[in-house]
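**Q** got a predicted structure plus its sequence, pasted below:
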Amino acid sequence: MMSSIHLIVHTTHYRKGSEQFAVIAAIMQEELSAEYPNETVLLKPIFGKRDLLNIFSQIIESGDKIRSFHFIGHSGMYGPMYGTIEYPEQFSPYELRKLQIPFAEGGEAYFHCCRSARWFAPHFANLHNVKTFGYHNYTAFTKSKTKYQRIGGNVNPMYAIGCEGKKSHGWIGAIKKNLLGKGLEKLKVFEPTSESIDSTYNNVAGLYDAVFQDIKVREDEWSWISNHLPKSTEIDVLDIGCGNGALLKALSPMIRSGVGVDLSNALLDLARKNNATNDKLSFKPVTGPKLPLEDESVDLIISMLFRYLDWDPLMDEVKRILRPVVGY
Ligand SMILES: C[S@@+](CC[C@H](N)C(=O)[O-])C[C@H]1O[C@@H](n2cnc3c(N)ncnc32)[C@H](O)[C@@H]1O
């Protein structure tokens, strides 16, 4: 007999907070079980996106249907993160379109993670034809469901709530969140529509630019890239998904030229403004995997957004525009 399932998943290794995710998920399981005593509430810790695919496949095989799906973990604007910070995983646009999720009629999806309402939740609602919930702001762990209450360690109960966070709202956000316990955000709900959702960073370009003016604040990425840069300064570099141009700006003294390409015109404008006096750098729009560069015209391609891209067509372009390395 077909049963209705509430499925809660949380990630176990991506960045910090996995122990807290496990506690939050367990409390959610208790509360949903009390609310729906005749329905099954499944809790599954997951490492990578393959684990989630396997869970969906098992549910499809059983014939059960998902009445509510809850993801607890980290997220970027383009949706949940899986794997580890060294080898991050995210569903690419193609994979998202192909995802088979056995939702029940009237099923719902909840993304209890940072910034999921900015693009991912409305996009997911349309793709899977389900009501989808997410947060515009960052999420925080709290003792209270209705108010931010700072906690240390793994306390019970614990919830993930959206609130104006330090990262996105500077010190005013930090005061609101920590001292006043304000700035709480209700989960935003998105009904499926036939409208396409703006998948660019245009709406958040100013915010992104303010936070990431200097790429070196992202210490791990910057130290990896600067340590792996070829020794020669006679190299031409392409940055795919260049955003506000902060990476090329920082690399500029170490390279001959740099081209940044991006989907967001608002970010490209900021990249040009941030590098207005730098003749080495140029910034161009792209709308798909086709790259506006000549064959064999660059020595190095960097992308700090690769996981959002549809790899196969893009890799053909990457092969076309990369110069062969002499001696290989
Ligand atoms: C997380 S931001 C990263 C920006 C920059 N690489 C950085 O690390 O600061 C993602 C960027 O990828 C761009 N983007 C998303 N999908 C893209 C696509 N299919 N082609 C080109 N750019 C894309 C967005 O507009 C945004 O600027």
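**A** Sure thing, it's come through. This one's a predicted model, so the numbers in the text were calculated from it and none came from an experiment.
**Q** show me how this structure divides into domains.
**A** Following automatic domain parsing, one finds the domains of the chain at 4-199, 207-321.
**Q** flag every residue of the stretch 51-200 of the chain that's near the ligand.
**A** Within the stretch 51-200 of the chain, the positions lying close to the ligand (CB under 6 Å from any ligand atom) are residue 200. All C-beta spots, glycine's among them, are computed from the backbone N, C-alpha and C.
**Q** what distance do you get for the closest residue to the ligand within the stretch 51-200 of the chain to residue 208?
**A** Among the residues of the stretch 51-200 of the chain, residue 200 lies nearest to the ligand; the distance is 5.2 Å by CB to the nearest ligand atom. Distance, residue 200 to residue 208, using CB to CB, to the nearest Å: 11 Å.
**Q** mind listing the shared neighbours of the two?
**A** Shared contacts of residue 200 and residue 208 (CB atoms under 8 Å, 6 or more residues apart in numbering): residue 267.
**Q** so the nearest residue to residue 239 once chain neighbours are set aside is in which element?
**A** Spatial nearest neighbour of residue 239, chain neighbours left out: residue 260 (4.6 Å); criterion: CB to CB, 6 or more residues apart in numbering. Following DSSP states H and E, one finds residue 260 within strand 257-262.
**Q** could you check whether the helix or strand just after that strand is close to the ligand?
**A** Heading C-terminal from strand 257-262, the first helix or strand you meet, by DSSP H and E, is helix 265-274. Yes - counting by CB under 6 Å from any ligand atom, the ligand has neighbours in helix 265-274: residue 267.
**Q** quick one: helix 265-274 to strand 257-262, angle?
**A** If you take axes from the mean of the first three to the mean of the last three CA atoms, to 10 degrees, helix 265-274 sits at 150 degrees to strand 257-262.
**Q** any idea of the mean pLDDT for helix 265-274?
**A** For helix 265-274, mean pLDDT rounds to 97.
**Q** sorry, back to before: mean neighbour count added to the domains of the chain, as a markdown table?
**A** Shown next, in a markdown table, are the domains of the chain (neighbours: other CB atoms under 10 Å):
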| stretch | mean neighbour count |
| --- | --- |
| domain 4-199 | 18 |
| domain 207-321 | 17 |
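**Q** for these, which has the smallest mean pLDDT value?
**A** Ranked by mean pLDDT, those end with domain 4-199 in last place, scoring a mean of 87.
**Q** chain center to that domain: distance?
**A** The chain centre lies 12 Å from the centre of domain 4-199; the measure is CA atoms, centre = their mean, to the nearest Å.
**Q** what does stretch 233-243 give?
**A** Offset of stretch 233-243 from its chain centre (CA atoms, centre = their mean): 22 Å.
**Q** does that stretch reach the ligand?
**A** Yes - for stretch 233-243, a contact with the ligand is found by CB under 6 Å from any ligand atom, at 241-243.
**Q** what does that stretch contact?
**A** Identification of contacts with stretch 233-243 by CB under 8 Å, 6+ apart yields 201, 208, 212, 245, 247-248, 251, 253-264, 267-268, 271, 283, 286, 291, 293, 297-306, 308-309, 314, 321.
**Q** check contacts around residue 118.
**A** By CB under 8 Å, 6+ apart, the neighbours of residue 118 are 77, 134, 136, 203-204.
**Q** 10 Å instead, please
**A** The neighbours of residue 118, taking CB atoms under 10 Å, 6 or more residues apart in numbering as the test, are 75-78, 134-137, 188, 197-198, 201, 203-204, 207.
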